[in-house]
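Peer 1: From the sequence below, what's the structure:
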Amino acid sequence: MSRREEKIMALAGGVDIAIKPKEEINDLFGKVLNAGMHGLCFSGYEEGQKPGDVLTEEQIRRRMKIIQPYTKWVRSFSCIDGNELIPKIAKEFGIKTLVGAWLGKETEKNEQEISALIELANDGYVDIAAVGNEVLYREDLTENELLDYISRVKEAIPNITVGYIDAYYEFAARPKITEACDVILANCYPFWECCHIDYSLMYMKQMYNKALNAGGGKKHVIITETGWPSSGEDYKGAQPSGENALKYFLNTQLWSKEEDIDIFYFTSFDESWKVGAEGDVGAYWGIWDKNENIKY
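Peer 2: Numbering: from 1, shown residues only. Alright, predicted model coming up:
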């Protein structure tokens with residue numbers, strides 16, 4: 001990190017955009033983006049699409065080409081309905097992969113996801129395998145059901161790192177899950193915990209350390225999702241805006257480099273379908289907009 005970048009880091013708030021000229025902040029964003037991120041969550045759904053729709057090779061390849069210069073890793077969320085192409089195409093672009101099997105209440109789909117994840121891993125397309133995403137948070141599976149899925153995947157792909165993704169605090173509350181994972185894969189969102197942007201970096205560090213402590217300091221922790229929406233309604237003190245999203249991105253990336261923290265930023269492209277689950281902020285988490293234009 002350069003001295004210039006170090007000077008704009010503060011213990012709590014990080015980048016103080018309010019006292020920086022817009023041109024200087026935009027210049028810093030370009031430098032940080034071009035320096036490269038550890039990882040990006042891959043947004044595959046175009047306008048009018050939603051989970052369950054089949055992703056095409058063309059749209060995945062087009063978006064992968066856009067993000068390839070800026071990230072070492074990509075995270076995918078499912079292994080069916082065209083999502084299985086994401087790690088295959090990522091490998092063509094020289095990008096490492098965190099590949100997720102999306103688990104829920106439908107046993108048949110769970111079996112499809114698990115089988116596809118194992119197949120992708122055995123074919124060499126998976127660097128880290130994630131067995132489920134926030135299924136305990138959503139109460140879609142019991143702890144024992146999830147443990148069974150994790151055990152099956154670990155047995156089938158013994159040479160691949162296997163984990164489970166959930167909110168950072170779940171790993172302290174679920175020691176059996178934590179023990180079963182090779183790595184702790186933690187989602188950390190100060191925004192969804194009503195944190196003001198000025199304290200968001202400090203709060204994210206606390207989230208990370210809670211996940212680290214849950215593993216007794218012995219297990220590697222990867223932040224598998226974190227981000228800030230650029231538009232939408234305030235969430236109990238957390239304010240979406242382009243300025244705040246830019247500030248959060250810069251703080252996250254500078255901290256990641258400064259302390260060697262592995263982070264998958266959420267997310268690459270805006271996806272309108274997320275409005276249904278998250279309200280209007282759901283459509284504005286991307287670094288690129290829904291038309292694949294850089295937002296900052």
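Peer 1: Identify each buried residue in stretch 78-96, please.
Peer 2: 78-81, 83-87, 89-91, 95-96 (16 or more other C-beta atoms under 10 Å). The C-beta positions use only the backbone N, C-alpha and C, and glycine is treated the same way.
Peer 1: My error: substitute stretch 181-198 in the last question.
Peer 2: For stretch 181-198, the neighbour count (16+ other C-beta under 10 Å) marks 181-191, 193, 195, 197 as buried.
Peer 1: Would you format those as JSON lines with secondary structure, pLDDT and distance to residue 264 included?
Peer 2: Converted to JSON lines, those look like this (DSSP: H, G, I helix; E, B strand; the rest coil; pLDDT from 0 to 100; distance: C-beta to C-beta, whole Å):
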{"residue": "181", "secondary structure": "coil", "pLDDT": "98", "distance to residue 264": "16"}
{"residue": "182", "secondary structure": "coil", "pLDDT": "98", "distance to residue 264": "17"}
{"residue": "183", "secondary structure": "strand", "pLDDT": "98", "distance to residue 264": "13"}
{"residue": "184", "secondary structure": "strand", "pLDDT": "98", "distance to residue 264": "13"}
{"residue": "185", "secondary structure": "strand", "pLDDT": "98", "distance to residue 264": "9"}
{"residue": "186", "secondary structure": "strand", "pLDDT": "98", "distance to residue 264": "10"}
{"residue": "187", "secondary structure": "strand", "pLDDT": "98", "distance to residue 264": "9"}
{"residue": "188", "secondary structure": "coil", "pLDDT": "98", "distance to residue 264": "11"}
{"residue": "189", "secondary structure": "coil", "pLDDT": "98", "distance to residue 264": "13"}
{"residue": "190", "secondary structure": "coil", "pLDDT": "98", "distance to residue 264": "16"}
{"residue": "191", "secondary structure": "helix", "pLDDT": "98", "distance to residue 264": "16"}
{"residue": "193", "secondary structure": "helix", "pLDDT": "98", "distance to residue 264": "19"}
{"residue": "195", "secondary structure": "coil", "pLDDT": "97", "distance to residue 264": "19"}
{"residue": "197", "secondary structure": "helix", "pLDDT": "95", "distance to residue 264": "21"}
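Peer 1: would CSV of the residues you listed with distance to residue 295 be doable?
Peer 2: Below are these laid out as CSV (distance: C-beta to C-beta, whole Å):
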residue, distance to residue 295
181, 34
182, 35
183, 31
184, 30
185, 26
186, 26
187, 22
188, 22
189, 19
190, 20
191, 16
193, 24
195, 22
197, 17
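Peer 1: Which members of the residues you listed define the maximum pairwise distance?
Peer 2: Greatest spatial distance among the buried residues of stretch 181-198 (C-beta to C-beta): 182 and 197, at 33.9 Å.
Peer 1: Do a quick rundown of the strands in the stretch 51-200 of the chain.
Peer 2: 71-76, 96-101, 128-133, 161-167, 183-187 (DSSP state E, counting those that start in this stretch).
Peer 1: Identify whichever of those strands lies nearest to residue 26.
Peer 2: strand 71-76 (20.1 Å).
Peer 1: Include distance to residue 34 when you put the strands of the stretch 51-200 of the chain into a markdown table, please.
Peer 2: Formatted as a markdown table, the strands of the stretch 51-200 of the chain follow (distance: least, C-beta to C-beta, whole Å):
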| stretch | distance to residue 34 |
| --- | --- |
| strand 71-76 | 12 |
| strand 96-101 | 19 |
| strand 128-133 | 25 |
| strand 161-167 | 28 |
| strand 183-187 | 27 |
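Peer 1: Farthest pair within the buried residues of stretch 78-96?
Peer 2: Greatest spacing in those, by C-beta to C-beta: 81 and 96 (22.6 Å).
Peer 1: Residue 114: which of the buried residues of stretch 78-96 is nearest?
Peer 2: residue 79 (8.2 Å).
Peer 1: From residue 180, how far off is that closest one?
Peer 2: 20 Å (C-beta to C-beta, to the nearest Å).
Peer 1: repeat for residue 119
Peer 2: From residue 119 across to residue 180, the span is 22 Å (C-beta to C-beta).
Peer 1: More neighbours: which of those two?
Peer 2: residue 180 (20 against 15; other C-beta atoms under 10 Å).
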